[in-house]
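Visitor: Next comes the sequence, and after it the predicted model I'd like to discuss.
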Amino acid sequence: MPKIAKELTALEVGRLKTEGLYAVGGVAGLHLQVTSTGARSWILRAKIGAKRRDIGLGAYPGVTLAQAREKARNARQAIAEGRDPVAERVAARSALAAAHGAEITFDECVVKFIDAKSAEWRNPKSAAQWSASLTTYASPTIGSLQVRDVELAHILKILEPVWTTKTETATRVRGRIENVLDWATVRGFRKGDNPARWRGHLDKLLAKPSKVARVEHHTALPIDAMGAFMESLQKREGLAARALEFLILTAVRSGEVRGATWDEMDLQARVWTIPAERMKGGKEHRVPLSDRALELLKALPRLADSNLVFPAPRGGQMSDMTLLAVMRRMNVDAVPHGFRSTFRDWAAERTNYPRDVAEMALAHTIGDKVEAAYRRGDLFEKRARLMADWAKFCAMKSPEGVVIPLHPESVSTNPEQISA
């Protein structure tokens, strides 16, 4: 047993200022250490196993004499129980440091996730869309929470208010939250199951999106109104009107027309090749050019400072609203994207072309995975005939004396209003 020194009083301990190691009594091995600089601290000298250790108990006078004796008694009790107080202290510090390292909020995880994954996203706007949707719907509930603390109740609080009213948005937000939480789990910021997962979890608590979502179709022009509309459109001047006409003749999406470049056009081969990076499906799409589409392109001016086929007046890409504005000025109750629906209806109802030909003309993905695996061609020759017939149909004049209203709320019997 170590020798128990005389118990010093707090006043006596306060007077110890000369460099040295002083036993203060009360607990065997408890000392006050005074350094050459005058700094003072508590040391407990004890044997742990076969090794003698000096255990620091804190600085004096921050740790008083009474507190030092209490700490020394606790350390000796731990040693008597076969524990190493020094090792326990190191482990506690390590755990605290690890806990601090894992402290990250959901919003911080969103930023890091987008930084890590956005490089693989095809659409450069995706990062902004992810950030905006999560900021709007998730951040008010879990944004400032430690990501490890996000639970099912939080997810339901986010989704339930909009699940049946904004179903498409809600399902997209759910998927994005799930991805962020999966990333946080792999990075070690949280543990356990993902509370935002759908299969076998939220699908038991929320209605299937397909059962509650309201399908909103793009407003389309009736098939029989196409002739009168195209006749009116061709009389309008301006690059926006030509872009809209070209969109209709090729049955492509607005962004594909607005971003079209002369490098993509092979006028001699009568084909427009849209690269994969500009296609929604991420696959190159060849568009056969009808006589009218080719005539339209050949009549367009080519700017020295722009490779765009339909540049905006002030340079750069034309906006989608520019095409919509043309239709509004024509008093047409439809949107540019709706012409794809009109084209699809015409192909199904007024022609004998196989369904696959029309679907490929629209660059739709083949739904059957087995069929898609074996389908190598793009039915280009058949699509060329289809687009030629579509252009001829669009050029058909309305029967004399028959007026086809372009806007259901503005039915007119004056033929001059149709071509305005």
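Guide: Right, received. Where do you want to start?
Visitor: Low-confidence ranges, the stretch 51-200 of the chain, go.
Guide: Along the stretch 51-200 of the chain, the model assigns pLDDT under 70 to residues 92-102.
Visitor: ranges for the helices of it?
Guide: Along the stretch 51-200 of the chain, counting by DSSP state H, counting those that start in this stretch, helices occupy 65-80, 85-101, 106-117, 126-137, 152-159, 167-186.
Visitor: Show me what counts as buried in the third one.
Guide: In this case it means helix 106-117. 106-110, 112-114 (16 or more other Cβ atoms under 10 Å). To be clear about C-beta, it is placed using only N, CA and C from the backbone, and glycine gets the same treatment.
Visitor: What is the nearest of these to Trp163?
Guide: Of all those, Trp163 sits closest to Phe106, with 19.8 Å by Cβ to Cβ.
Visitor: Arg355 against Arg344, yeah?
Guide: No: contact criterion Cβ atoms under 8 Å: Arg355 and Arg344 do not qualify, at 9.7 Å.
Visitor: In terms of neighbours, single out the busier of the two.
Guide: Legend: neighbour count by other Cβ atoms under 10 Å for Arg355 and Arg344, higher for Arg344 (18 against 10).
Visitor: With distance to Ala276 as added columns, please give the helices of the stretch 51-200 of the chain in JSON lines.
Guide: Output for the helices of the stretch 51-200 of the chain, formatted as JSON lines (distance: least, Cβ to Cβ, whole Å):
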{"stretch": "helix 65-80", "distance to Ala276": "67"}
{"stretch": "helix 85-101", "distance to Ala276": "41"}
{"stretch": "helix 106-117", "distance to Ala276": "20"}
{"stretch": "helix 126-137", "distance to Ala276": "16"}
{"stretch": "helix 152-159", "distance to Ala276": "34"}
{"stretch": "helix 167-186", "distance to Ala276": "23"}
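Visitor: Next, name the residue at the spatial heart of this structure.
Guide: Trp130 (3.0 Å; Cα atoms, centre = their mean).
Visitor: Okay, that residue and Arg172: tell me how far apart.
Guide: 9 Å (Cβ to Cβ, to the nearest Å).
Visitor: Equivalent analysis for Arg199, please.
Guide: 17 Å.
Visitor: go on, Trp42?
Guide: 60 Å.
Visitor: Who has more neighbours out of those two?
Guide: Using other Cβ under 10 Å, the more surrounded residue of Trp42 and Arg172 is Trp42, with 25 against 17.
Visitor: what's that one in contact with, if anything?
Guide: 30-33, 56-60, 63, 68, 71-72 (Cβ atoms under 8 Å, 6 or more residues apart in numbering).
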